[in-house]
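In: Compute the structure for the input listed below.
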Amino acid sequence: MSQPLTAIELDEFLPHPPAKVWRALTEPDLIATWLMENDFKPVAGHRYTMRGTPSRRT
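Out: Numbering: from 1, shown residues only. Have a look, this model is predicted:
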């Protein structure tokens, strides 16, 4: 019997210095630039919300 899936793993190569990638993943304004508005804080236990506007695809 197969095991249930409990995790998603993704490997991605980003051709930028680690500090630049870390900023893009942890600074709310930069996250909003490429993904969506948010109230993210890189603090253990902080719960955050990401907000987007639904769009219609044709």
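
In: From residue 55, how far off is residue 31?
Out: The spacing between residue 31 and residue 55, counted by Cβ to Cβ, to the nearest Å, is 19 Å. In short, each C-beta sits where N, CA and C put it, glycine included.

In: which one of the two has more residues nearby?
Out: Using other Cβ atoms under 10 Å as the criterion, residue 31 and residue 55 rank with residue 31 on top: 18 against 5.

In: Setting aside sequence neighbours, what's the nearest residue to the more buried one?
Out: Of all residues beyond its chain neighbours, the one nearest residue 31 is residue 38 (5.4 Å), with distances taken as Cβ to Cβ, 6 or more residues apart in numbering.

In: Quick check: the one you found touching residue 47?
Out: No - the criterion here is Cβ atoms under 8 Å, and residue 38 misses it with residue 47 at 11.4 Å.

In: Pick out whichever of those two has more residues nearby.
Out: Taking other Cβ under 10 Å, residue 38 and residue 47 do not tie; residue 38 has more neighbours (15 against 7).

In: Noted, bye for now.
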